[in-house]
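Chemist: Here's a sequence, model it:
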Amino acid sequence: MDDSSVYTQQQIQKIQSLLASKNQQYIALAFQLLEGKAIPKLLYEDLQKHSLLCLLHGLLEPLYASNVLEIPKRKLTSLPSSIENLTHLEELNLYSNLFSDFPKEIFALKNLKKLSLSQNPLSSIPEEINQLQMLTHFHCNRTKVKDLPQHLLEIVSLEVINMHSNGISYIPKAIQKLHKLEYLMFGNNLLTAIPSEIGDLSSLKNLDFENNEIKTLPDTLGQLKSLRSLSLLNNKIKELPDTITDLERLQTLNLENNRLKTLPLQLGKLKELAVLRVNGNQLDYLPDSISEMTNLQEMNLYKNQLTKIPDSIAQLSQNLTKLNIMSNPLPRSERMKLQTLLPNTRIYS
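Modeler: Down below sits the predicted model:
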């Protein structure tokens, strides 16, 4: 309800001044002045900056005016029950609080599309999560969650799952149901394998499995025809499946700090690749086909076992701006030759 005639213009300005203050007592006084009265729409924007106090005081009208609610860094361990009335909400951001239990009040928000509970000490995600069937973005990184619940994978509308920096060691096969998924982030976990079912995620654009314990990759990885970025740095991968060269839209491939001794002979099929990082491996040669990646802008070969670079690398000279060959047993003659073959490239040697 809005009845601006309850307040004079001077009173509205006074309340706005109180709400803009950094003094908590002044802000509390503003809420006391508003309690039990109609709230002018002129104050909605100011009150939305104090959304938690609006919930605690039952002043929900300003919150009805927005489909986004953000309450980060407030040391919350629970939510006011009044949040259940905000069924219109589409985005809820609760990152960096102190929730150890998943706030059950969230399950009343059936229209929720984006939910962030990142940087909370959550230990688990309850099965009721599947009640949020409109959810497209789910961020639960930097928590204490150790299991990815099957019920989350029943939300087929999901486009983004961010479970970075948890304690997850296993991804259920049911992930194959998420045909709309575009971003999957599982870096900094305890994974030892990637399920072959990941190949069914035909919409996937970004895949992050960095800083895990992965030793092998499934052949089905090559089925991800929409993939733009693949990060597998800091794992224990010894060999790449040949099918990785089928990722025809891949633009960034990060394989640094693994145990690779070879790269697929047909690596040059990755025509759109702009960034290739294979530093910190055990490579002793590069396939000649690398010269076919004419969109390559950055290549990091630091700390491998390379003694020669194919002369055909000269074909990359048009776009290659950075090349790192440091900490390789390359003869001085090879390093000098590269300067000639790639005159426009900044070479770190």
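Chemist: how about the helices of the protein, start to end?
Modeler: Ranges of helices in the chain, per DSSP state H, are 9-20, 24-34, 44-48, 51-57, 61-64, 332-341.
Chemist: got those as CSV, with distance to residue 106 columns?
Modeler: In this view, the C-beta of every residue, glycine as well, is placed from N, C-alpha and C. Listed next are the helices of the chain as CSV, based on distance: least, C-beta to C-beta, whole Å:
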stretch, distance to residue 106
helix 9-20, 27
helix 24-34, 24
helix 44-48, 19
helix 51-57, 13
helix 61-64, 15
helix 332-341, 56
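Chemist: Which one of these lies nearest to residue 126?
Modeler: In terms of C-beta to C-beta, the element of the helices of the chain nearest to residue 126 is helix 51-57, at 21.7 Å.
Chemist: in that closest one, what's buried?
Modeler: For helix 51-57, the neighbour count (16 or more other C-beta atoms under 10 Å) marks 51, 53, 54, 55, 57 as buried.
Chemist: could you dump the residues you listed to JSON lines with distance to residue 267 and pLDDT?
Modeler: Shown next, in JSON lines, are the buried residues of helix 51-57 (distance: C-beta to C-beta, whole Å; pLDDT from 0 to 100):
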{"residue": "51", "distance to residue 267": "51", "pLDDT": "96"}
{"residue": "53", "distance to residue 267": "57", "pLDDT": "95"}
{"residue": "54", "distance to residue 267": "56", "pLDDT": "95"}
{"residue": "55", "distance to residue 267": "54", "pLDDT": "96"}
{"residue": "57", "distance to residue 267": "61", "pLDDT": "93"}
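Chemist: Kindly tell me how buried residue 265 is, as a neighbour count.
Modeler: By other C-beta atoms under 10 Å, the residues close to residue 265 number 12.
Chemist: From residue 66, how far off is it?
Modeler: Going from residue 265 to residue 66 by C-beta to C-beta, to the nearest Å gives 55 Å.
Chemist: Likewise for residue 35?
Modeler: From residue 35 over to residue 66 (counting by C-beta to C-beta), the distance is 21 Å.
Chemist: So the two - more neighbours on which side?
Modeler: For residue 35 versus residue 66, neighbours defined as other C-beta under 10 Å are more numerous around residue 66 (17 against 10).
Chemist: correct me, but the more buried one touches residue 47?
Modeler: No. Residue 66 is not in contact with residue 47 according to C-beta atoms under 8 Å; the separation is 10.3 Å.
Chemist: Show me where this structure has its strands.
Modeler: Assigned by DSSP state E, the strands in the chain fall at 68-70, 91-93, 114-116, 137-139, 160-162, 183-185, 206-208, 229-231, 252-254, 275-277, 298-300, 322-324, 346-348.
Chemist: will you turn these into a markdown table that also has distance to residue 78?
Modeler: Shown next, in a markdown table, are these (distance: least, C-beta to C-beta, whole Å):
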| stretch | distance to residue 78 |
| --- | --- |
| strand 68-70 | 15 |
| strand 91-93 | 15 |
| strand 114-116 | 16 |
| strand 137-139 | 20 |
| strand 160-162 | 23 |
| strand 183-185 | 27 |
| strand 206-208 | 31 |
| strand 229-231 | 36 |
| strand 252-254 | 40 |
| strand 275-277 | 43 |
| strand 298-300 | 47 |
| strand 322-324 | 50 |
| strand 346-348 | 52 |
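Chemist: Among those strands, which comes closest to residue 223?
Modeler: Within the strands of the chain, the stretch nearest residue 223 is strand 206-208; the backing value is 12.1 Å (C-beta to C-beta).
Chemist: what about the nearest residue to residue 156 once chain neighbours are set aside, neighbour count?
Modeler: Distances taken as C-beta to C-beta, 6 or more residues apart in numbering place residue 177 nearest to residue 156, at 5.8 Å, with adjacent residues excluded. Counted with other C-beta under 10 Å, residues neighbouring residue 177 total 18.
Chemist: Over to residue 289?
Modeler: 18.
Chemist: Tell me how far the closest residue to it other than its chain neighbours lies from residue 172.
Modeler: Using C-beta to C-beta, 6+ apart and skipping the chain neighbours, the partner closest in space to residue 289 is residue 268 (3.0 Å). To residue 172, residue 268 is 35 Å away according to C-beta to C-beta.
Chemist: quick one, which of the two is more surrounded?
Modeler: The neighbour comparison of residue 268 against residue 172 (other C-beta under 10 Å) goes to residue 268, with 20 against 15.
Chemist: Contacts only, for that one.
Modeler: Applying C-beta atoms under 8 Å, 6 or more residues apart in numbering to residue 268 gives the contacts 245, 287, 288, 289, 290, 291, 292, 293.
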